[in-house]
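>>> predicted model follows, preceded by the sequence.
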Amino acid sequence: MPELPEVETVRRGLAPAMEGARFVRVELNRPDLRRPLPKDFVKRLEGKTVAGLGRRAKYLLADLSSGDVLMMHLGMSGSFRVAREGGERTPGKFHHERASARTHDHVVFHMSSGARVTFNDPRRFGLMLIVPRGELETHPLMREVGPEPLGNAFDAAMLARACANKKTSLKAALSDQKVVAGLGNIYVCEALHRARLSPRRSAATLATRAGKPTPRAETLVEAIKAVLHEAIKAGGSSLRDHRRTDGELGDFQHNFRVYDREGKPCPTAGCSGTIRRIVQVGRSTFFCPVCQK
Ligand SMILES: [Zn+2]
């Protein structure tokens with residue numbers, strides 16, 4: 001599933017096509033994605049202008065001139081293609097290749113910018129909903145979402161509070177969207193390696209008995225922010241999607257320190273460890289047992 005840096009990269013790729021533009025025509029090629037599309041979906045979009053395209057956790061949020069917000073989630077396999085005169089591209093770099101078979105083109109936005117924005121999603125775990133702006137924060141999909149890791153509010157004190165009474169591992173705690181939004185398997189592994197903390201360590205050790213952040217919490221917050229900033233800068237991760245058509249997108253995955261690097265030498269300076277893979281909560285965790293404590 002795409003993580004925060006990938007979604008943010010998609011947002012940046014879509015913004016020039018959508019921001020300030022009007023939905024001239026909306027094509028729906030099926031009635032549902034993961035959930036049914038709203039019955040009045042087309043009517044609530046056509047003729048409306050996108051005032052801004054934002055992001056919260058892994059949701060893209062298009063603010064409409066009508067006061068509604070179009071919520072979009074890529075799910076497991078969703079992607080957008082932006083077509084203009086002279087070519088088509090897929091914003092965002094993904095660890096798993098995106099499909100482009102036309103049979104999976106479920107929603108098409110014809111924008112007044114001249115761009116055609118197509119949502120393609122073979123597995124249909126993606127989502128599009130329209131919610132009045134005033135109801136967004138209390139929407140069932142949004143109200144339990146934790147802090148944005150790149151926001152100023154997310155700091156060691158906040159992370160320590162969220163983890164103080166947790167019985168789970170650090171890996172599980174950071175993967176929990178209520179603790180921090182937008183992180184998944186890749187960036188949790190990367191952040192823990194950078195912070196030199198074992199994924200098996202108890203999450204509660206980020207807090208003192210009094211609930212104050214330990215130095216580990218400070219280090220971890222810095223590592224999370226650094227990993228995400230670098231990934232966004234590189235345009236998200238990608239293994240096989242080489243349909244790279246705008247020069248600013250890079251391949252962050254070449255910079256992975258531990259993710260998918262089982263058996264390789266640990267990249268920490270002076271560390272003689274070898275990257276190991278274990279399974280936690282049903283997902284692969286990659287880490288160095290020597291320098292991550
Ligand atoms: Zn190491």
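That came in fine, so what should we check first?

>>> the stretch 151-293 of the chain against the ion: which residues are in contact?
Cys266, Thr268, Cys271, Gly273, Cys288, Val290, Cys291 (Cβ under 5 Å from the ion). Heads up, the C-betas are built off the backbone N, CA and C, glycines and all.

>>> got a PyMOL select line for the buried ones in these?
The PyMOL selection below is limited to those of these classed as buried (16 or more other Cβ atoms under 10 Å):
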select buried, resi 266+268+288+291
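
>>> buried residues in stretch 200-209?
For stretch 200-209, a neighbour-count test (16+ other Cβ under 10 Å) marks Arg200, Arg201, Ala203, Ala204, Thr205, Leu206, Ala207 as buried.

>>> just the strands in this structure please.
Taking DSSP state E as the test, the strands found in the chain are 23-28, 50-56, 59-64, 68-73, 79-84, 87-89, 105-111, 116-120, 127-132, 276-280, 283-287.

>>> of all those, which lies closest to Val258?
When the strands of the chain are compared for distance to Val258 using Cβ to Cβ, the nearest one is strand 283-287, at 4.1 Å.

>>> direction included, what does that closest one pair up with?
Take DSSP bridges as the rule and strand 283-287 pairs in its sheet with strand 276-280 (antiparallel).

>>> could I get the average pLDDT for the partner strand?
Mean pLDDT, computed over strand 276-280, is 97.

>>> ok, stretch 111-129 next?
Stretch 111-129 shows an average pLDDT of 92 in the prediction.

>>> how about that stretch: buried residues?
Applying a neighbour-count criterion of 16+ other Cβ under 10 Å, one finds 111, 113, 115-122, 124, 126-129 buried in stretch 111-129.

>>> dump the residues of the stretch 151-293 of the chain next to the ion into a markdown table; add pLDDT as well.
Listed next are those as a markdown table, based on pLDDT from 0 to 100:
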| residue | pLDDT |
| --- | --- |
| Cys266 | 98 |
| Thr268 | 97 |
| Cys271 | 98 |
| Gly273 | 98 |
| Cys288 | 98 |
| Val290 | 98 |
| Cys291 | 98 |
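
>>> what comes into contact with stretch 206-216?
Applying Cβ atoms under 8 Å, 6 or more residues apart in numbering, the external contacts of stretch 206-216 come out as 156-157, 159-161, 163-164, 170, 195, 197, 205, 217, 220.

>>> no further questions, thank you.
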